[in-house]
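Participant: no sequence for this one, just the structure:
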C-alpha cells in the first residue's frame with residue numbers, strides 16, 4: 001500500500017468517526033433538552049397545583065380585611081346622624097337623644113371618681129386609650145367618647161363581684177381576659193399560699209426553687225407531654241412554641257386558621273391588628289376539607305399547625321366584639337362543638353400521617369373547658385400545648401409543654417445552631433408558688449365535678465334566660481360554650497353595641513369587647529346567675545323602650561333602609577380615602593434616578609450650546625415617541641438626526657469625562673460615538689450593495705434601514721440593561737433604563753431657558769468684540 005493510499009484511508013476513517021460522533025452528540029443534546037423540558041414541566045406543574053390548592057384552602061377574609069383597612073377612612077356621625085344611623089324617622093330622634101343624654105348623666109353621677117381617675121391618666125396610658133377606642137363601631141365613636149368614660153377602677157373582689165372606686169359592687173363577667181376560671185377568692189388564696197412557699201427565697205432568678213420540679217411533673221401529666229418550658233405571657237409562649245417547631249423540623253411555614261387569635265405577636269396575625277406582611281404563615285379555612293388537602297400537599301414545608309380550640313364557638317370568625325357590630329348579622333356562633341371535635345380528629349390524623357407537629361394554643365381554653373383543657377374536652381392530643389392566663393394561679397405566665405423531639409433548643413450535631421428561647425422572669429419563684437397551688441387543686445379528683453356542675457349551671461341559666469327573652473319579645477339570645485357565653489341579636493339594628501352600656505348601668509362589668517365574649521367563673525352560684533339574668537333583662541327592656549330596637553311595624557322596610565345607609569357610608573369612606581403614600585422602595589428608586597440625572601448634568605452638560613442641542617434633540621425624541629406608532633421610517637430618521645446633534649455636543653463641546661460617565665453606569669462619549677457611527681454605517685452598506693445611488697434606490701432602502709435602526713436601538717439598549725443586571729443588579733439596570741427613557745422630559749425641564757441664555761451670551765460676546 002502506497003503512502004498516499006494509507007493517508008486516504010486514514011482520512012476516510014476519521015471522517016466517518018467524526019460524523020458518527022457528531023450524530024451521537026446531536027442526539028445527546030436533543031435528549032438533554034427534552035429532559036430539561038420535562039423537569040421544567042414537572043416543577044411548573046407542581047407549582048401550579050400548589051397555587052390552586054392554596055387558593056382553595058386560603059382564608060381570604062383576613063387578607064381582604066387588611067387591604068380594606070388601608071382604604072377605609074374614619075368618619076364620625078354628627079349628633080343627629082348618630083340617632084338616625086338606621087334611618088329612623090323624626091319621631092325617634094328626640095326620644096333617642098334624651099335616652100343617650102340620660103344614660104351619660106347616670107354614668108357621670110354614679111362613677112364620678114372612676115371617671116376623674118381615668119381622665120387623669122388617659123393621656124399617659126396608651127393601653128387605656130386603645131381599649132377606649134375599640135368599644136364601639138367607629139362611626140359612633142366621637143359621640144360616645146364625648147359623652148362616656150368607661151374606665152373601670154376597682155379596689156376589691158368578693159366572689160364574682162368587684163368593688164369600684166365609687167363604692168359600687170358590680171357583677172363581673174369579663175373573666176379578667178380569661179384568667180378567672182376558678183373564682184377570685186381561690187386565686188387570692190393560691191397567691192397567698194404560693195408566696196408562703198417561696199418567700200424565704202424571694203425574687204432569685206437563675207437558680208430554681210425546688211417547687212419547679214413539682215410543677216413540671218404536674219404539667220406533664222395534664223398535657224400528656226415530655227417536657228415543659230416557662231415564659232411570662234401567653235403570647236410569648238406561642239412565639240416560643242412556633243420557634244421551636246421551626247427549629248426542630250427545619251421547616252418555615254406555620255398553618256393557622258381564619259379568625260383564630262394567638263396573642264399580639266404579628267407572626268401569627270393574618271388579619272387586622274398587624275401591619276407586617278406574612279410570608280411564612282398560611283391562614284386557612286376552618287372546618288374545610290380543602291385545608292386538609294393543602295396540609296397534605298405542602299407537608300414538607302409546614303413546621304406546625306397551630307389551633308386555638310375556642311374557635312369551636314365561632315369558626316372562621318375573629319373573637320366576637322361589639323366594635324364590629326355595624327349590623328346584627330356581624331356576629332354568629334356554632335351551635336354545637338361536635339363537628340369541631342370531628343374536625344380536630346381529622347386534623348390530628350393528617351398531622352400524624354404527614355409528620356407535622358400539631359400545636360394547641362390553650363392560653364384561653366386551658367383549664368376553662370375542663371381540668372385537662374381542650375385536649376380532654378375534645379379527646380384530641382397535641383404535640384405541643386401552650387398554656388397561660390389561669391395556670392399560674394393568678395400570676396403572669398406562659399407555658400409550653402411538648403414532646404421531647406420538639407422542645408430541643410440546640411443541635412447536638414451542630415453546636416453553633418441554637419434556638420435562643422429564654423426569658424429573665426421564666427420560673428419566677430412567686431409565679432411557681434401560685435402555680436403549684438393551682439395545679440394541685442386542678443388535678444384533685446373532686447375538681448372535675450366542680451367543672452361539670454359549673455357547665456350544667458351555665459347551660460340552665462342560658463336556657464332560662466332565653467325563655468325570658470323570648471317571652472318579653474326582646475331581640476336577643478344567649479349562647480354558650482362551656483362557661484363562655486355571648487349575646488346574639490335576632491333583629492336588624494345598628495345599635496346592638498349599645499347593650500354593653502345599658503348592662504354597665506345595671507352593674508355588670510364587661511371587658512372592652514363588650515357583649516362579644518363573656519365568662520362565668522366556677523364560683524358563680526344560682527343566685528349570681530339569677531342576678532345576672534335580671535340585669536340582662538332590665539338592660540334589654542330599657543334599651544327597647546329607648547327606641548334603639550325598632551320593629552318592622554315601627555319602621556317599615558327597616559332592613560333595606562339600614563343596608564342602604566351602611567352601603568353608602570362605606571362607599572363614602574372609600575371615596576374620601578387620601579391618596580396612598582408612595583412606597584419607600586419606589587420613592588428610593590425615583591430618588592436614585594434623579595440623583596444620576598443631576599450627576600450626569602454636572603459631568604457632561606455644562607456647555608450652554610450643548611444644553612441647547614439637548615433641548616432640540618429632546619423635543620424631537622418626544623415627538624418620535626408618538627410618531628413611531630404611525631410612521632416608523634420618519635420617526636427613526638428624525639431620531640437619528642437628533643441623536644447626531646446630541647452627540648456633537650458631547651464629543652466636541654464638552655471636555656472628556658469618561659470616568660464620571662462610567663460611575664453613572666451609562667455609555668461614555670466614546671461608546672456613544674461608536675453607536676452613532678454604527679447607525680450611519682448601515683445606510684452606506686445598503687447603498688454600496690445596491691451599486692448605484694438613485695431616488696428609487698433611496699426610497700427602497702430607507703424603510704429597510706429604519707427597521708434595522710430600530711432593531712439596533714433595541715439591541716444596544718437591551719444589551720446594556722442585561723450587562724448591568726449581570727454585573728451589578730436588576731435595580732441598577734432598571735434605573736439606567738428609566739433614566740434613559742425619561743431624559744428627554746427632564747432635559748426639556750432643565751434646559752428650556754438655554755435659547756435665551758445662548759442669545760444673551762452671543763450678545764455679550766458681540767459687545768466685548770466692539
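Facilitator: Arrived safely. Not measured: the values here are computed from a predicted model.
Participant: going forward, measure contacts between C-alpha atoms and count neighbours the same way
Facilitator: Will do.
Participant: show me what contacts residue 397?
Facilitator: Counting by CA atoms under 8 Å, 6 or more residues apart in numbering, residue 397 touches 230, 231, 232, 233, 234, 388, 389, 391, 431.
Participant: can you list the domains in the chain?
Facilitator: The record, using automatic domain parsing to delimit domains, assigns the chain the ranges 3-57, 79-178+450-575, 184-314+335-444, 588-769.
Participant: deepest of these, which one?
Facilitator: Stretch with highest mean neighbour count among the domains of the chain: domain 184-314+335-444 (a mean of 20; mean count of other CA atoms under 10 Å).
Participant: Distance of residue 432 relative to residue 496?
Facilitator: Residue 432 sits at a distance of 43 Å from residue 496 (criterion: CA to CA, to the nearest Å).
Participant: do the same with residue 474
Facilitator: Residue 474 sits 12 Å away from residue 496, taking CA to CA as the criterion.
Participant: just residue 539 next, same as before
Facilitator: Taking CA to CA as the criterion, residue 539 is separated from residue 496 by 12 Å.
Participant: quick one: contacts for residue 507?
Facilitator: Contact analysis of residue 507 by CA under 8 Å, 6+ apart lists 169, 170, 171, 535.
Participant: Let me see the confidence value for residue 523.
Facilitator: The confidence metric pLDDT takes the value 94 at residue 523.
Participant: Quick check, it in contact with residue 159.
Facilitator: Yes - using CA atoms under 8 Å, residue 523 and residue 159 qualify as a contacting pair, with a distance of 6.8 Å.
Participant: which residues are in contact with both of these two?
Facilitator: Taking CA under 8 Å, 6+ apart as the contact definition, residue 523 and residue 159 share the neighbouring residues residue 183.
Participant: looking at this protein, which helix or strand is least sure?
Facilitator: Ranking every helix and strand in the chain by mean pLDDT, DSSP states H and E puts helix 658-663 at the bottom, with a mean of 51.
Participant: and the helix or strand where residue 645 lies, how far out from the chain's middle?
Facilitator: Residue 645 belongs to helix 632-648 when elements are defined using DSSP states H and E. Mean C-alpha position of helix 632-648 versus that of the full chain (CA atoms, centre = their mean, to the nearest Å) differs by 51 Å.
Participant: I'd like the mean pLDDT over that helix, please.
Facilitator: Helix 632-648 shows an average pLDDT of 77 in the prediction.
Participant: pLDDT score assigned to residue 439?
Facilitator: What the model reports for residue 439 is a pLDDT of 97.
Participant: show me the contacts for it.
Facilitator: 215, 218, 219, 391.
Participant: Find the pair from these with maximum spatial separation.
Facilitator: The widest separation within the contacts of residue 439, taken as CA to CA, falls between 218 and 391 and amounts to 11.3 Å.
Participant: Now do the SS call for residue 155.
Facilitator: Under the three-state scheme (DSSP: H, G, I helix; E, B strand; the rest coil), the conformation of residue 155 reads as strand.
Participant: Repeat that for residue 616.
Facilitator: Secondary structure of residue 616, per three-state DSSP, is helix.
Participant: Who are the contact partners of it?
Facilitator: Residue 616 sits next to residue 642 when contact means CA under 8 Å, 6+ apart.
Participant: ok, it to residue 639 distance?
Facilitator: Here the distance between residue 616 and residue 639 works out to 11 Å (CA to CA).
Participant: Touching both of those two, which residues are there?
Facilitator: By the contact definition CA under 8 Å, 6+ apart, residue 616 and residue 639 are jointly contacted by no residue.
Participant: Now find how far off-centre stretch 172-189 is within its chain.
Facilitator: Centroid displacement of stretch 172-189 relative to its chain, using CA atoms, centre = their mean, is 33 Å.
Participant: got the contact list for it?
Facilitator: Here stretch 172-189 has contacts from 157-162, 364, 367-368, 389-390, 393-394, 508-511, 517-524, using CA under 8 Å, 6+ apart.
Participant: what's the first-to-last distance across it?
Facilitator: 19 Å.
Participant: what is the mean pLDDT for that stretch?
Facilitator: Within the predicted structure, the mean pLDDT of stretch 172-189 is 94.
Participant: now stretch 211-219
Facilitator: 97.
Participant: if we can go back for a sec, elements contacting the helix holding residue 645?
Facilitator: Using 3 or more CA pairs under 8 Å, 6 or more residues apart in numbering; DSSP states H and E, the elements in contact with helix 632-648 are helix 608-627, helix 669-690, helix 695-727.
Participant: Out of these, flag the one nearest residue 272.
Facilitator: Using CA to CA and comparing the helices and strands packed on helix 632-648, the one that lies nearest residue 272 is helix 695-727, at 38.3 Å.
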